[in-house]
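In: Here is a sequence together with a model predicted from it:
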Amino acid sequence: MRATASRTATIPVGRRHNYVVFLDCLDVRTAEIDVDAMPEEATIMEMTLARVEGGLIRLDLTPNVGLDVRLTCARVVVSDMRPYVRPAS
C-alpha cells in the first residue's frame with residue numbers, strides 16, 4: 001500500500017473541487033513530531049503512506065515550513081471527507 005497526496009495537483013476532469021480527507025492513525029507505535037521546529041502555521045506539501053516491516057503503516061508529512069512529521073501505526077482509517085474549494089488567487 002502506498003498513497004501520496006499533493007495540494008497542487010490538478011482537479012480531475014468532470015470534478016469541480018478537491019476534498020479534505022481526515023485520517024485517524026490508530027495504535028501509534030513511533031512518532032517524530034517536533035512542533036518547536038514549526039515557527040508558524042504550516043500546510044502539508046506532501047503526504048505519503050507506506051506499508052513497512054511488521055505490517056505497520058508509515059505516515060510521512062512534509063510541511064511547507066519546519067521539519068517533516070513521521071509516525072508509524074497499525075491502522076489508518078479515513079474518518080471524514082469534505083469538499084474543498086481553493087480560494088481564488
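Out: Thanks, I have it. Residues are numbered from 1 along each chain as shown.
In: Is D27 within a helix or a strand, and which one?
Out: Here D27 sits within strand 18-32, counting by DSSP states H and E.
In: which strands and helices sit next to that strand?
Out: Where contact means 3 or more C-beta pairs under 8 Å, 6 or more residues apart in numbering; DSSP states H and E, strand 18-32 is packed against strand 56-63, strand 69-84. Placement of C-beta: from N, CA and C, glycine included.
In: give me that answer again for 6 Å
Out: strand 69-84 (3 or more C-beta pairs under 6 Å, 6 or more residues apart in numbering; DSSP states H and E).
In: Can I get the strand it packs on as CSV, trimmed to CA atoms?
Out: What follows is strand 69-84 as a C-alpha-only set of coordinates in CSV (Å, rounded to 0.1, in the frame of the first residue of the first chain):
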residue,chain,number,x,y,z
VAL,A,69,6.4,14.7,10.6
ARG,A,70,6.7,10.9,10.7
LEU,A,71,4.8,8.2,12.5
THR,A,72,4.3,4.5,12.4
CYS,A,73,0.9,2.9,13.3
ALA,A,74,-1.0,-0.3,13.0
ARG,A,75,-4.0,1.2,11.1
VAL,A,76,-5.1,4.3,9.2
VAL,A,77,-8.8,5.0,8.9
VAL,A,78,-10.5,7.6,6.8
SER,A,79,-12.8,9.3,9.3
ASP,A,80,-14.3,12.0,7.1
MET,A,81,-14.1,13.6,3.6
ARG,A,82,-15.3,17.1,2.8
PRO,A,83,-15.3,19.1,-0.4
TYR,A,84,-12.6,21.8,-0.6
